[in-house]
Every structure is written in structure tokens, then in C-alpha cells.
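Colleague: Everything below, folded, please.
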Amino acid sequence: RPPPVAETGSRCWGRGQQDASKALRLLGAATRAVARRRRDGEVFQHHPTKLKVSVCQEEDSMMKSIPVWKQELSGGVHAARLASLYCCAPAETASEAARYAAVLDGLEKTFGSHAEAGLYSAPGRTEIGGNHTDHQHGRVLAGSVNIDMIAAAAPNDKNQLRVQSEGYDLCVIDLNDLEARKEEENTTAALLRGECAAFTQRGAKLAGLDIYISSNVPKGSGVSSSAAFEVLIGVILNDCFMAKKVSPIAIAQIGQWAENVYFGKPCGLMDQMASSVGNIITIDFASPAKPVVEPVAVDFSKAGLALCILDSGADHADLTDEYAAIPAECRAVAAVCGGEVLRDVPFETFLAKLPECRRQCGDRAVLRAFHVYADNDRVAKQVAALHDGDFDTFLCLVNESGCSSWEYLQNVIPAGYKEHQEVGVTIAAAKHLLGDKGAVRVHGGGFAGTVQAFVPVEMLDEFKAGMEAILGEGRCHVLSIRPEGGAVL
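Modeller: Alright, predicted model coming up:
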């Protein structure tokens, strides 16, 4: 059976201007999402603080003829569903409907006509607390956001998975050959082959499939376009080929496994989990096979805060070694202390072994361990502050996390970089514009990509203009938390 997953309905937040009626409307949309999951065969068991989901019953994929899809999209049939996914009013969903119609057009233009197709979505994510704690089996606080990767998928008779992402080369894998290939590491083909292999191991009867993908999740942005891609493929394969659907947690685990084993990147599980499960959640990875996922009910608009993601303009390309060094060094410290990861080692044991850790692992590894221990504790404090509505304490903890990431974890500037320190400049500029208000921290894996800022709503227009004057137009994204993760339309 798949491990438990928290389910909750929550209003979208982030623009700081939602009124009571909008909150109720979005809460209703989230409730309808839960009802859809009930329809899809999930069995909910009530607990005092969370809901758990057991395995789904057998269900056919959600495909229909392409002309019917287009008629429904243009006629507003799916407006309420899109409003829930994109945190807006149903009357404001025409542009999102057009995106789905466009991927249907792209599917047929790329692969030819199809009798039927399915439509799918996987959101980007924002890491709110716990920077690089997941791979040490720690705690995180994260949420899915209202920018996403969407796809149209349809069967083919070639026994191939053919994937066309807008702006990229066509990727084709043979479904008869799902073994990992060393030469495919760091490629899209590796992720696709790995996910197909994982679903086959879980009983999927794979057959030829054409997929056309479009995204408004910026690549290398720190909102995790890679996790959105992995979750999107997982949602599609789950819908099309699994008689008994796997859970959102299992889809996240499959994505992580494909990235670790086939793609060759030793990532944690937070990115995939936040995208797949959705909403604001806190996750404890003490047992990675059975992570504990709990909802965090919070409305940031009550604190007058907007969530901004700032694109530094630096690309993650060629930084895999920088990312890989963090978990490797943390594991090296844990090994000196008798554990596999830092969560296995009490902080007091780490302190007692500090001289030996410095000799065997080096000082950077020791500083990174200090960060992981402190940020892991901070997540629990952040969750408690949010439960209490204590936003001042929450913002203080966000700032503390950001300082720790820069000073101890050292994932703001890649080693040896002098002329290009885009993330550092972005943080400095954001702090200057905010003064002693709000909070700023490096977002996601670090080294490149984005910075996260919680901005008082009354400062938002001036802050956005100021940041885009420095970084470039369109580099300050004002986002909302969406109440659902990976989705079948």
C-alpha cells in the first residue's frame, strides 16, 4: 500500500488582497478537489490532525475526444476547475483554458491526429522552510504554486514514449528498453526511462504514448521545473496505465528515484513531494519510505504578505557537482559520528565529534552540518508560529534560515565564482528594498535560480518595480499557493 498522504482544502494566498467571498470560493474549490479524489476511489480516514489516503480503486484514464475538449474549454465548462488550480475567479480562467487548447493543438501538430487525449498539470513549488534538510531525512515546509507544467497525452501504436516539450528537442524512448544508461545521465530521456521503469515495477502495462508539454515554470528558477516535469510524467503514466492508482506520495518517490538512479543527481524528496501532494504541507522525512505529510492551515493575506519569487538570472546548468557536494559532505560528517545521515546523529554527538569531523571532512562540511541541524529545528518553529498566527516570529525564522544558508550551508555563490554572483546580488537588493520589513532567503537548491521574499502588500508595487529595475522586466513573480498538486483535468 502507498504511504499516507495529508489531504486538506485551503484557500489560495499570496497577493494579499483576497476578501472573504474569494476565500470561501477557493475553499469550496479545494473541497470539490477532495470530492474528485473520493470519486477516484481514494479512501479517507479521519485523524485529529491529518487525513490519510489508502490505495485507489481501479479506474480508466480520463481521456476524451480532442474536439470535445476544445469545445468544453472554449465554452467555460472547466472554469471552476481551472479557478481552483490557478487561484483566480472562474471568469478569469480564459487564458488558462487557452493554454490547454494550445497543448492539444501542439499534440496533433507534432504527432498527427488522435482519436482522444487527456489533459494534465503539475505545479511548481516553493520551499518555505528547511533548506537542504530533506536529503538528511529532516523536516521541510513547502507548498505548490499557481504556475505549472501542463500536457496533452494520447496513445500511439509504436510502443514508444514520445515527449515534445515546447522549446526542446523531441525525446523518444523505446518501452522495451527501460534499463538505466550511463551515457543518458543528465538528460530528459533518463528521467523518462526511469519513471517508466518504476511504473512497470509497480504493475503498469505500458503502451505507446505521445505527450506534448508546455510550461510557465521558468527553467532553473528555483520553483523546481524538474520536479514539476517528473510529477507531470508520473501523473500521466498513473492515469493511463495503472489499474490501481498510486498515491501522490508514490508519484513523488518515483520521480526522485528516476532522478537519483537514472538522471544521476542525488536530490532529496521535497521538490517532488510539494509538487505532487500540493497545498502548504510540512513533511518529516525521518523515514523516507513513509514520510509524514501534514497540512499547514495558513492564510498569509491575514498578515498582509505577498509571496514573491525573484529570478536572479543565473542558470543551474553545470552546477550538479555543487549540489551533489552538499548531501555528500553531510553524509560524510554523519558517518564520522556513526550515522548514515545527520538525522541519525544527535546534535550533542556531532558536537563531541567535531574535532574528528573537521579532520576527516573539512570545515565546509562541518559548517553545512551546523546549518542542517539548525534549519531542521527551525521548520518545527515555523510551523508552530504559523499555527499560532505569529507572523512576526515566522518572518524572523525565514530570515534566520536565509542567513544560515549563505553563511553555513554556502549555497548562494558557487565555489570560485567572482564576476557572477547573481543570487547574492538579488538577496542584497531585496533586503535593501524591504529594509526591516518582510523576509528574504535563498530559494531551493541555491547557487543559481531564485530568491524568495515575503513582502508587505503595501510595499509590493514599489518592491516589484525596484527589483525588476535591477534584474530585468518579468523577474519578480508574485505567486499564490494552489490547493492541489499533480492533477488530471
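
Colleague: As a check, name the ranges of all strands in the stretch 1-150 of the chain.
Modeller: Taking DSSP state E, counting those that start in this stretch as the criterion, the stretch 1-150 of the chain contains strands spanning 44-46, 51-53, 118-129, 139-155.

Colleague: which one of those strands is the most hemmed in?
Modeller: Each of those was scored by mean neighbour count; the highest is strand 118-129, a mean of 28, by mean count of other C-beta atoms under 10 Å. No exception for glycine: its C-beta is placed from N, CA and C like everyone else's.

Colleague: which strands and helices sit next to it?
Modeller: helix 94-111, strand 139-155, helix 225-241, helix 270-277, helix 363-387, helix 391-404, strand 450-456, strand 487-488 (3 or more C-beta pairs under 8 Å, 6 or more residues apart in numbering; DSSP states H and E).

Colleague: and these, which one's lowest on average pLDDT?
Modeller: Of all the helices and strands packed on strand 118-129, the minimum mean pLDDT falls on helix 270-277 (a mean of 89).

Colleague: how many neighbours does the closest residue to K381 other than its chain neighbours have?
Modeller: Distances taken as C-beta to C-beta, 6 or more residues apart in numbering place L397 nearest to K381, at 5.6 Å, with adjacent residues excluded. By other C-beta atoms under 10 Å, 26 other residues sit near L397.

Colleague: ok, L397 to V423 distance?
Modeller: 20 Å (C-beta to C-beta, to the nearest Å).

Colleague: Same check on E96?
Modeller: 31 Å.

Colleague: And for K109, the neighbour number?
Modeller: Neighbours of K109 (other C-beta under 10 Å): 10.

Colleague: so what's the closest residue to T93 other than its chain neighbours scoring on pLDDT?
Modeller: Spatial nearest neighbour of T93, chain neighbours left out: L82 (3.9 Å); criterion: C-beta to C-beta, 6+ apart. pLDDT for L82: 96.

Colleague: show me what contacts L82?
Modeller: P90, T93, E96, A97 (C-beta atoms under 8 Å, 6 or more residues apart in numbering).

Colleague: possible to save the residues you listed as JSON lines with neighbour count and distance to S214?
Modeller: Below are the contacts of L82 laid out as JSON lines (neighbours: other C-beta atoms under 10 Å; distance: C-beta to C-beta, whole Å):
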{"residue": "P90", "neighbour count": "16", "distance to S214": "22"}
{"residue": "T93", "neighbour count": "22", "distance to S214": "16"}
{"residue": "E96", "neighbour count": "23", "distance to S214": "11"}
{"residue": "A97", "neighbour count": "20", "distance to S214": "13"}
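
Colleague: So which of the residues you listed is the closest to C476?
Modeller: Nearest to C476 out of those is E96 (C-beta to C-beta; 21.2 Å).

Colleague: Quickly note the distance from that closest one to C87.
Modeller: In terms of C-beta to C-beta, E96 sits 11 Å off from C87.

Colleague: what does A274 give?
Modeller: Counting by C-beta to C-beta, the gap from A274 to C87 is 16 Å.

Colleague: ok, now W406?
Modeller: Taking C-beta to C-beta, one finds W406 at 31 Å from C87.

Colleague: the helices in the stretch 301-450 of the chain, which residues?
Modeller: In the stretch 301-450 of the chain, the helices defined using DSSP state H, counting those that start in this stretch lie at 320-336, 347-352, 354-361, 363-387, 391-404, 422-434.

Colleague: what would the ones you listed look like in CSV with distance to A487?
Modeller: Formatted as CSV, the helices of the stretch 301-450 of the chain follow (distance: least, C-beta to C-beta, whole Å):
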stretch, distance to A487
helix 320-336, 28
helix 347-352, 40
helix 354-361, 43
helix 363-387, 25
helix 391-404, 28
helix 422-434, 31
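
Colleague: Tell me which of these lies nearest to T110.
Modeller: It is, among those and with distance given as C-beta to C-beta, helix 320-336, at 29.5 Å.

Colleague: ok, now which ones touch the residue nearest to K381?
Modeller: Counted by C-beta under 8 Å, 6+ apart, L397 has contacts G129, R378, K381, Q382, A385.

Colleague: ok so, going back, return the most buried member of the helices and strands packed on strand 118-129.
Modeller: helix 270-277 (a mean of 32).

Colleague: Quick one: list the elements packing against the helix or strand that that helix is followed by.
Modeller: Tracing the chain C-terminally past helix 270-277 and defining elements by DSSP states H and E, one meets strand 280-284 next. Here strand 280-284 touches strand 139-155, helix 270-277, strand 292-295, going by 3+ C-beta pairs under 8 Å, 6+ apart.

Colleague: With respect to A314, which of these lies nearest?
Modeller: helix 270-277 (18.2 Å).

Colleague: quick one: least confident helix or strand in this structure?
Modeller: Least confident helix or strand of the chain, by mean pLDDT, DSSP states H and E, is strand 44-46 with a mean of 29.
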